[in-house]
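> The sequence isn't on hand, but the structure is:
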């Protein structure tokens with residue numbers, strides 16, 4: 001058999017071991033204008049400079065994004081423990097109570113819950129009862145703040161009953177009247193509570209349906 005002819009590498013027959021010819025851009029960067037050296041033609045230098053700028057421009061959005069994400073990450077580290085105590089309504093005791101409500105209380109029940117003035121004419125829950133509609137799927141007198149987007153009459157009704165609960169000072173007659181008017185079937189007093197406190201309902205004989213000593217579910221009788 002005839003031997004195969006030797007392969008000629010690209011580059012016009014460059015010998016083995018010889019380095020590849022420098023690109024025009026590298027030649028331009030290396031040439032210092034000394035006598036006997038070849039300068040890169042102006043048009044090739046312009047092309048090299050233009051290509052470098054194009055690559056930098058293409059990478060710029062990524063570099064900016066990385067810088068922003070890094071700054072957000074560093075800044076957020078100091079905010080992890082910045083929590084408004086007034087917004088911590090849900091405790092482990094409330095979780096147990098709300099899960100019990102979900103599993104044992106009829107679906108058409110309506111709960112009287114603690115309320116407080118939040119912003120302007122908005123009212124919010126004052127303890128874990130605020131989360132009954134979310135976890136236990138039962139109706140409450142002060143639902144989550146999205147109620148503000150409901151019909152004006154519904155918003156006014158929530159505002160009126162929430163204001164009455166927030167201002168309640170322990171009068172039995174006014175509470176019984178509120179329970180009748182609002183068709184209340186159950187009363188929830190969370191671990192944080194508010195104007196509604198477990199001691200009142202215990203002293204006045206309201207039946208205890210659930211309690212772990214911190215969160216309470218009473219029947220409205």
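Thanks, I have the structure now. Bear in mind that the values here come from a model prediction, so they are computed numbers and not experimental data.

> how near is the nearest residue to residue 143 once chain neighbours are set aside to residue 213?
Leaving out its chain neighbours, the residue that sits closest to residue 143 by C-beta to C-beta, 6 or more residues apart in numbering is residue 133, at 5.4 Å. In short, each C-beta sits where N, CA and C put it, glycine included. Between residue 133 and residue 213 the computed distance is 24 Å (C-beta to C-beta, to the nearest Å).

> Name the residue in those two with the higher neighbour count.
Set residue 133 next to residue 213 and count neighbours by other C-beta atoms under 10 Å: residue 133 wins out with 20 against 8.

> pLDDT of stretch 104-119, averaged?
For stretch 104-119, mean pLDDT is 93.

> what comes up buried for that stretch?
105, 109, 111, 112, 113, 114, 115, 116, 118 (16 or more other C-beta atoms under 10 Å).

> can you pull the contacts of the third one?
Meaning residue 111. For residue 111, the contact set (C-beta atoms under 8 Å, 6 or more residues apart in numbering) comprises 101, 129, 132, 138, 139, 140, 141, 184, 185, 186, 187, 188.

> quick one: which of those is nearest residue 165?
residue 141 (6.6 Å; C-beta to C-beta).

> thinking again about what came up before, touching the strand or helix carrying the residue nearest to residue 143 from outside, list them.
Using DSSP states H and E, residue 133 sits within helix 132-135. Helix 132-135 has contacts (C-beta under 8 Å, 6+ apart) with 95, 98-99, 101-102, 111, 113, 138-140, 143-144, 188.

> Could you point out the helix or strand that follows that helix?
Counting by DSSP H and E, the next helix or strand C-terminal to helix 132-135 is strand 139-140.

> pLDDT on that next one, on average?
Mean predicted lDDT for strand 139-140 stands at 96.

> One more: stretch 65-79?
So the average pLDDT for stretch 65-79 ends up being 64.

> Identify, from the contacts of helix 132-135, the entry nearest to residue 164.
residue 113 (12.3 Å).

> ok, that closest one to residue 194 distance?
If you go by C-beta to C-beta, the gap between residue 113 and residue 194 works out to 9 Å.

> Restricted to strands, list the buried residues of stretch 104-119.
Among the buried residues of stretch 104-119, the ones falling in strands (DSSP state E) are 111, 112, 115, 116.

> Look at residue 159 and say how many residues are nearby.
18.

> so what's it scoring on pLDDT?
pLDDT, read off for residue 159, is 91.

> next one: residue 23
53.

> The contacts of helix 132-135 into TSV, with extra columns for distance to residue 155?
Converted to TSV, the contacts of helix 132-135 look like this (distance: C-beta to C-beta, whole Å):
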residue	distance to residue 155
95	29
98	25
99	30
101	25
102	27
111	19
113	17
138	20
139	16
140	15
143	11
144	13
188	22
